[in-house]
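> No sequence on hand, only this structure:
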């Protein structure tokens, strides 16, 4: 693919409702992603917040732009420091023994080379601790099975 998107597909051995809940509850998002003021409502403006550093202010500005419970959700992902203006889309599908999650984070090419550099940094985060460790750990803990499930992933990052 040539649009510079991050695309990651995961399988979680949990029902779609549990995965959806982890994606759409502010306190769950804070545990596996970042502290936030998210609400699952189209048009809701919210922020993710983390520790600022010399390169950015630590705030991601977002707006929920699409929501179809419990199948898919999309929100903008913007950073004022870098002029990044991207879109994060989660798609869920029930599968035998659990749920397939597809993350697509797109729009990096609009910011030129700086956007593609940020894409590479974010791809590393999405595909390592965030979707492979933190989210499955939360799902396991909420299911009363800490440390039991292993997420299975297929990552595709387009250049």
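That came through fine. Given the structure is predicted, the values throughout are model-derived calculations rather than measurements.
> which neighbours does the lengthiest strand in the chain have in its sheet, and in what orientation?
Secondary structure of the chain per DSSP state E: the longest strand is strand 84-95. Neighbouring strands of strand 84-95 in its sheet, by DSSP bridges, are strand 72-79 (antiparallel), strand 98-106 (antiparallel).
> Flag the shaky bits of this structure, pLDDT-wise.
1-3, 147-159 (pLDDT under 70).
> Please enumerate the strands of it.
Going by DSSP E, the chain shows strands at 6-12, 45-49, 59-68, 72-79, 84-95, 98-106, 152-157.
> Distance to residue 145 and mean neighbour count added to those, as a markdown table?
No exception for glycine: its C-beta is placed from N, CA and C like everyone else's. As requested, the strands of the chain are exported to a markdown table (distance: least, CB to CB, whole Å; neighbours: other CB atoms under 10 Å):
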| stretch | distance to residue 145 | mean neighbour count |
| --- | --- | --- |
| strand 6-12 | 12 | 21 |
| strand 45-49 | 27 | 16 |
| strand 59-68 | 28 | 16 |
| strand 72-79 | 25 | 19 |
| strand 84-95 | 18 | 18 |
| strand 98-106 | 12 | 20 |
| strand 152-157 | 16 | 15 |
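> Mind putting these into TSV with distance to residue 139?
Listed next are the strands of the chain as TSV, based on distance: least, CB to CB, whole Å:
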stretch	distance to residue 139
strand 6-12	6
strand 45-49	20
strand 59-68	20
strand 72-79	17
strand 84-95	12
strand 98-106	9
strand 152-157	13
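> who wins for proximity to residue 146 among these?
Across the strands of the chain, residue 146 has its closest neighbour in strand 6-12 (14.6 Å, CB to CB).
> Run the angle between the closest one and strand 84-95 for me.
30 degrees (axes from the mean of the first three to the mean of the last three CA atoms, to 10 degrees).
> who does strand 6-12 pair up with?
Strand pairing for strand 6-12, using DSSP bridges, gives strand 98-106 (antiparallel), strand 152-157 (antiparallel).
> what does the first one contact?
What it means is strand 98-106. Strand 98-106 is contacted from outside by 3-16, 18-19, 77, 86-94, 119, 122-123, 126, 131, using CB atoms under 8 Å, 6 or more residues apart in numbering.
> Perfect, that will be all.
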